[in-house]
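Engineer: The sequence isn't on hand, but the structure is:
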């Protein structure tokens, strides 16, 4: 009897366990189906949202890309779009220039107004602003009233005799003006650059030592370098 009772209890426990496992599997199956359905619905909703968020090209854009003719009424729309694009590109370029100017001002510890002046004259004279900033730093440390040992004047340390050859109306008072001084100095540098056929090292040496001295040393077979050109071209200031 005891054995029979134990056997009945064992069978009942096994049967209940199987029922629980079966119920659990059903529940798990239903849960999995529900989870899959939720995931599927979420994915469908995401796709639909993405589709509705995609920019739909206007009929005018389609015509333009297809190379079709547009009506007279649509011409002002195209013109306005082009004008807005040009304005946006110009504004982007202006912001980039302002950023470069601020960077130069911070780099050489000068005010933005002076940095702006140097940058714009450099561009106007078709010279690299970075080169010009380094020349001025080397020549005068950006002191507009700087006077050299041989009478060199201003930011770019231009001699009055040199300025007269470039501008017959040059005066010492004019050379004290930063904008005029930079302009004359850069024209003098460009003259040297033209004479030495684009050789910036020789042009800088002539700017610093004088063309006569540089040519004399070259004719003697000597190297006219004195560290000036190397300092400007190779050293990070």
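Structural biologist: Now that the structure is in, tell me what you want to look at. Quantities reported herein were computed from a predicted structural model and do not represent experimental measurements.
Engineer: What is the helix or strand harbouring residue 131 packed up against?
Structural biologist: Assigned by DSSP states H and E, residue 131 falls within helix 129-140. If contacts are counted by 3 or more CB pairs under 8 Å, 6 or more residues apart in numbering; DSSP states H and E, helix 129-140 sits against helix 75-107, helix 112-124, helix 178-195, helix 200-209, helix 228-233. C-beta: built from backbone N, CA, C; applies to glycine.
Engineer: Averaged pLDDT, it. What do you get?
Structural biologist: Mean pLDDT, helix 129-140: 97.
Engineer: now stretch 174-184
Structural biologist: pLDDT averaged over stretch 174-184 gives 97.
Engineer: What's the end-to-end length of stretch 151-171?
Structural biologist: Using CA to CA, to the nearest Å, one end of stretch 151-171 lies 13 Å from the other.
Engineer: still on that earlier bit, tell me which residues are up against the helix holding residue 131.
Structural biologist: If you take CB atoms under 8 Å, 6 or more residues apart in numbering as the criterion, helix 129-140 is touched by 100, 104, 107-108, 115, 118-119, 121-123, 142, 146, 152, 154-157, 182, 185-186, 189, 200, 204, 207, 228, 231-233, 237.
Engineer: Would you show me how to pick out the buried ones of the residues you listed in PyMOL?
Structural biologist: Entered in PyMOL, the line below selects the buried ones among the contacts of helix 129-140, by 16 or more other CB atoms under 10 Å:
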select buried, resi 104+108+115+118+119+121+122+142+146+152+154+155+156+157+182+185+186+189+200+204+207+228+231+232
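Engineer: Pull out the buried residues from stretch 220-237.
Structural biologist: Buried, per 16+ other CB under 10 Å, within stretch 220-237: 224, 228, 229, 231, 232.
Engineer: pLDDT at residue 189, what is it?
Structural biologist: What the model reports as pLDDT for residue 189 is 98.
Engineer: is it true that it touches residue 200?
Structural biologist: No. Counting by CB atoms under 8 Å, residue 189 stays clear of residue 200, with 9.1 Å between them.
Engineer: where does residue 147 fall, phi/psi-wise?
Structural biologist: Per-residue torsions, residue 147: phi -120, psi 130 (degrees, to the nearest 10).
Engineer: show me the residues around the residue nearest to it when sequence neighbours are not counted that make contact.
Structural biologist: Leaving out its chain neighbours, the residue that sits closest to residue 147 by CB to CB, 6 or more residues apart in numbering is residue 153, at 6.3 Å. Residues in contact with residue 153, defined by CB under 8 Å, 6+ apart, are 146, 147, 159, 160, 172, 175, 176, 181.
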